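Chemist: My questions are about this predicted structure, shown below with the sequence.
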Amino acid sequence: MLSRTADNLYWLSRYVERAEYLARILDATQRLSALPLAYVGTGNEWESAVLTAGCASSFFKHYETATEENVTDYLAFSTANPSSIRNCFEMARGNARAVRTALTGEMWDAINGTWLELKRFGNGPSSREETSRFLRWVQESSLRFDGSAYRTMLRNDAYWFSRLGVYMERADNTARILDVKYHLLLPDNERVGGPLDYFQWAAILRSVSALTSYHWVYRESLKPWLVADLLILKEEMPRSLASCYEAIVRNLDAIATYYGRQGPAQRQARGVRTRLQNSKMDGIFQRGLHEFIGEFITENNRLGLAITEQFLQ
Amino acid sequence: MGVAFDEMKGHDGEAIRPAYGELDRWLKEVPPDVLDYRRREAELIFRRIGITFAVYGEADATERLIPFDVIPRIMSADEWRRLEKGLTQRVNALNMFIKDVYGARDILRAGILPEDMVFRNPAFRPEMNGQTVPHDIYVHIAGIDIIRVDADTFYVLEDNARTPSGVSYMLENREIMMRLFPELFSRHRIAPVENYPDELLASLKSVAPLSTSKEPNVVLLTPGVYNSAYYEHSFLADKLGVELVEGRDLFVKDEVVYMRTTQGPQRVDVIYRRVDDDFIDPLAFRPDSILGVPGLMSAYGAGNVTLANAVGTGIADDKAIYSFMPDIVKFYLDEEPLLKNVPTWRCREPEHLSYVLDHLPELVVKEVHGSGGYGMLIGPSASKVAIEQFRAKLKSAPANFIAQPTLALSTSPTCVEAGVAPRHVDLRPFVLTGKKGVRIVPGGLTRVALKEGSLVVNSSQGGGTKDTWVLDK
């Protein structure tokens, strides 16, 4: 398979996944900022949304302060933000068009349909209601694309590279939320169960669509260290770091078997996965949650580079 | 120019011609709004599949649909047989001509063609001198534009021996028609076109370098997503089951071409290239090209890769050379040409030029190297000012132009605002040449000028397309 084709498939999946993630962040932030101040404290939720989206430096080149209006526009519709939802869909469709022959008809329909519908939203929603509808539409579009990939693609290298994109992007996104919000997740006795943080934890879980899962897994009220446990170590939670790495290793192994060759990417992925498997939350807290996340992000970037070097160029 | 010949009703609406009998009956039965509904349905399908093309120079129209007319254009089996013979003859002659131009040059020695028309032609590639290609085939895929003026007369309007496009429309138009009008289909016996990709792949494999011992690796080289025909490139690659590559996916090492894959370099044997000569190798041609593959010409020269079409075939697209095609056919095949040329005045010749200057309002004047309907004058529909402006252009560089009479292209019934009305059409059949000779899928791309009275069928100038039916008997 052409390296460029693999590259396009990989990034196509990443962009769609990223669009969905941005929509979840905006959705969670909208809920949080709708609560009375007494419930959420005085921090600027919109600024925090920009941070978790990973585009703070470019955002503050355009705006002095983060408000609901400018953050929603910047993350969802701005053409100036290379990673806005709109640009993610534009680039996803661009990648799809470049490798149409490697996509199934259903996948093309899903991404091309999304791209055509995107035009209907013009320059962005004008009310909160419309924004909500838009964000729901983004999530549905991503689900539709993901579902059509899952259900219609041949199980060969094209499929594995496209899956790899999904999980690399997910791991990156979950790690970024943890990086920005880690301070809320520390087992600090003073703040445990405090009303201020409760809604923050809920928002974190919501942005990785894990609020319901949390209750099913732990069967108790929200505890910050359990939220951290769920997002980092729980393999059954599809957006946890452990689950993403289980999938990354599985897909890289499938490629290695298919090609009859292992390489640096496979070794790097297995290394990170082993570290996650051998970790316990108390250990992580002892050594420092923030340091742990920081190291993870470095290792994850290293894997991204290894994948590019080994297959995509 | 007189009243055009209508392919359904003949001249002056005599009787319905036999090939159109069923269609005529059907058109009378079917309510007009059904046609309109189907037309809109077709447009939706086209847009969903993403069959689009780009028009250069239009900022917001990076992707546009070519209008599709739902009424088919029909040819009888006899008409097609004649056409097929003529096309086979013409393309055989084209291949022999190009071999000769880059080889022995018998035709120049015989004085049939003026030398400077070859050597000073921008499409002439000195790099090809003495170069041999597998089975002496240069033009693997030709698109020969045919127009019709009466029941018996077909003219060749243009030879496209470079990188003819439009075949995806031939295939997709048929698919859509079968989907929208199963009932109309069942009333006819129509020769299929769907085997075109198989024929193409077989042709391409048959011309692999003679040294290729394994199953040849064929790829399709596209300039990329920004090219106006990108949809067609991806469509064909898909149907052929070959990799769609861009220049950056290929590299040359020790005069062998490889593509970059997820499993390392893989050797390439045949390149169906949709990139023009100028851009194909920055080391040999335009150094600023980023679409090509550095060193490709060295691999080609060493005979390690086949390019389809060969480099330098563009010389046959030249409209001044076109005017010699009847002589070219006679010279190589010693046969009378079966397909006529449109009478052509070569403005490079003084007597021709003075005739052309005296008759501008009734002629069509074209640039010899032009294509796509750009840069031409259609005398009868041009304003006085436009004619005078063109006269100045023509006088300053007469060798760049040829002129032809304004021909009454045949018309075919077409869906328009007011119902069904005749519109002018042409036809581009696609002629494949491989080791085993010429193959033509019955039919081709019919282009239709949708504006009343217009003779310009080019999609870049507002033309549309139709499905082309060749009846089986």
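Modeler: Arrived safely, thanks for sending. Numbering: from 1, shown residues only, chains lettered A, B, ... in the order given.
Chemist: near chain A, which residues of the stretch 201-350 of chain B?
Modeler: Within the stretch 201-350 of chain B, the positions near chain A by CB under 8 Å from any CB of the partner chain are B:224-225, B:230, B:234, B:237-238, B:243-246, B:248-249, B:259-263. C-beta coordinates here come from the backbone N, C-alpha and C atoms, glycine included.
Chemist: Generate a PyMOL selection restricted to the buried subset of those residues.
Modeler: Applied in PyMOL, the following selects the buried portion of these according to 16 or more other CB atoms under 10 Å in any protein chain shown:
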select buried, chain B and resi 225+230+234+237+238+243+244+245+246+249+259+260+261+262
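Chemist: Just the strands from the stretch 301-450 of chain B, written as ranges.
Modeler: Using DSSP state E, counting those that start in this stretch, the strands of the stretch 301-450 of chain B run over B:306-308, B:340-341, B:345-346, B:363-367, B:377-378, B:401-405, B:411-416, B:419-428, B:430-434, B:437-440, B:445-449.
Chemist: Okay, and which of the residues of the stretch 201-350 of chain B next to chain A map to helices?
Modeler: Secondary structure from DSSP state H places B:Tyr230, B:Ser234, B:Ala237, B:Asp238 of those in helices.
Chemist: of the residues you listed, closest to B:Phe401?
Modeler: B:Tyr230 (31.8 Å; CB to CB).
Chemist: Name all residues that make contact with the closest one.
Modeler: Applying CB atoms under 8 Å, 6 or more residues apart in numbering or on different chains, we find B:Tyr230 in contact with A:Arg97, B:Ala54, B:Thr222, B:Pro223, B:Gly224.
Chemist: cool, and B:Ala151?
Modeler: B:Phe5, B:Gly10, B:Arg17.
Chemist: Can you report how many residues lie near A:Arg275?
Modeler: The local packing of A:Arg275 (other CB atoms under 10 Å in any protein chain shown) involves 15 other residues.
Chemist: gap between it and A:Gly283?
Modeler: Plainly put, A:Arg275 is 11 Å away from A:Gly283 if you go by CB to CB, to the nearest Å.
Chemist: Beyond the biggest helix by length in chain B, next helix or strand please.
Modeler: In chain B, taking DSSP H as the definition, the longest helix is helix B:77-101. Next along the chain after helix B:77-101, taking DSSP states H and E as the criterion, comes helix B:106-109.
Chemist: List of residues touching that following helix?
Modeler: Outside helix B:106-109, the residues touching it (CB under 8 Å, 6+ apart) are B:Phe97, B:Asp100, B:Val101, B:Leu113, B:Glu115, B:Val118, B:Ile328, B:Phe331, B:Tyr332.
Chemist: and the gap between the closest residue to the last one other than its chain neighbours and chain A?
Modeler: For B:Tyr332, ignoring the flanking residues on the chain, the nearest one in space by CB to CB, 6 or more residues apart in numbering or on different chains is B:Met96 at 4.2 Å. Spatial separation of B:Met96 from chain A under the definition CB to the nearest CB, to the nearest Å is 35 Å.
Chemist: still on that earlier bit, and the strands of the stretch 301-450 of chain B, which one averages the lowest pLDDT?
Modeler: Sorting the strands of the stretch 301-450 of chain B by mean pLDDT places strand B:377-378 lowest, at a mean of 88.
Chemist: And that strand, what does it pack against?
Modeler: strand B:363-367, helix B:384-396 (3 or more CB pairs under 8 Å, 6 or more residues apart in numbering or on different chains; DSSP states H and E).
Chemist: So for chain A, which of these sits nearest?
Modeler: For chain A, the closest of these is strand B:363-367, at 32.9 Å, according to CB to the nearest CB.
Chemist: Report the buried residues of the closest one.
Modeler: Buried residues in strand B:363-367 (16+ other CB under 10 Å): B:Leu363, B:Val364, B:Val365, B:Lys366, B:Glu367.
Chemist: Report the angle between that strand and helix B:384-396.
Modeler: Orientation note: strand B:363-367 sits at an angle of 50 degrees relative to helix B:384-396 (axes from the mean of the first three to the mean of the last three CA atoms, to 10 degrees).
Chemist: Give me the below-cutoff pLDDT ranges for the chain.
Modeler: I'll assume chain A. Across chain A, the ranges flagged by pLDDT under 70 are A:38-42, A:187-196.
Chemist: The intended chain is chain B.
Modeler: Regions of chain B meeting the criterion pLDDT under 70 cover residues B:1-2, B:13, B:49-64, B:371-374.
Chemist: what residue is smack in the middle of it?
Modeler: The centre of chain B sits closest to B:Gly143, judged by CA atoms, centre = their mean, with a distance of 3.2 Å.
Chemist: That residue in helix, strand or coil?
Modeler: What DSSP: H, G, I helix; E, B strand; the rest coil gives for B:Gly143 is strand.
Chemist: Need the residues that contact stretch A:1-15.
Modeler: Contacts of stretch A:1-15 (CB under 8 Å, 6+ apart): A:88-89, A:91-92, A:95-96, A:98-99, A:102, A:111, A:149, A:157-158, A:161-166, A:168-169, A:307-308, A:311-313, B:243, B:245-246, B:248-249, B:259-263.
Chemist: try stretch B:85-100
Modeler: Under CB under 8 Å, 6+ apart, the answer for stretch B:85-100 is B:106-107, B:136-139, B:142, B:144, B:154, B:156, B:159, B:161, B:310, B:312-313, B:315-316, B:325, B:328-329, B:332-333, B:335, B:337-339, B:429, B:431, B:433, B:438, B:440.
Chemist: In contact with A:Leu186, which residues?
Modeler: A:Pro224, A:Phe285, A:Leu289.
Chemist: count of neighbours near the closest residue to the first one other than its chain neighbours?
Modeler: When the adjacent residues along the chain are set aside, A:Pro224 lies closest to A:Leu185, with 4.4 Å between them (CB to CB, 6+ apart). When neighbours are defined as other CB under 10 Å, A:Leu185 has 26 of them.
Chemist: ok, now which ones touch A:Leu185?
Modeler: Contacts of A:Leu185 by CB under 8 Å, 6+ apart are A:Leu178, A:Trp201, A:Ile204, A:Pro224, A:Trp225, A:Val227, A:Ala228, A:Leu289.
Chemist: Neighbour-wise, give me the winner out of the residues you listed.
Modeler: The most crowded member of those, judged by other CB under 10 Å, is A:Ile204 (29 neighbours).
Chemist: Name the helix or strand for that residue, please.
Modeler: helix A:195-207.
Chemist: ok now stretch B:106-124, how far from the chain's centre?
Modeler: Relative to the centre of its chain, stretch B:106-124 is centred 23 Å away, using CA atoms, centre = their mean, to the nearest Å.
Chemist: Would you mark the buried spots in that stretch?
Modeler: Per 16+ other CB under 10 Å, stretch B:106-124 contains these buried residues: B:Ile107, B:Leu108, B:Leu113, B:Met117, B:Val118, B:Asn121, B:Ala123, B:Phe124.
Chemist: can you give me the end-to-end distance of it?
Modeler: Using CA to CA, to the nearest Å, the end-to-end distance of stretch B:106-124 comes out at 16 Å.
Chemist: The helices and strands packed on strand B:377-378 into a markdown table, with extra columns for distance to chain A?
Modeler: Below are these laid out as a markdown table (distance: least, CB to the nearest CB, whole Å):
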| stretch | distance to chain A |
| --- | --- |
| strand B:363-367 | 33 |
| helix B:384-396 | 38 |
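Chemist: Switch the ones you listed over to TSV; also include distance to A:Glu17.
Modeler: Output for the helices and strands packed on strand B:377-378, formatted as TSV (distance: least, CB to CB, whole Å):
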stretch	distance to A:Glu17
strand B:363-367	51
helix B:384-396	56
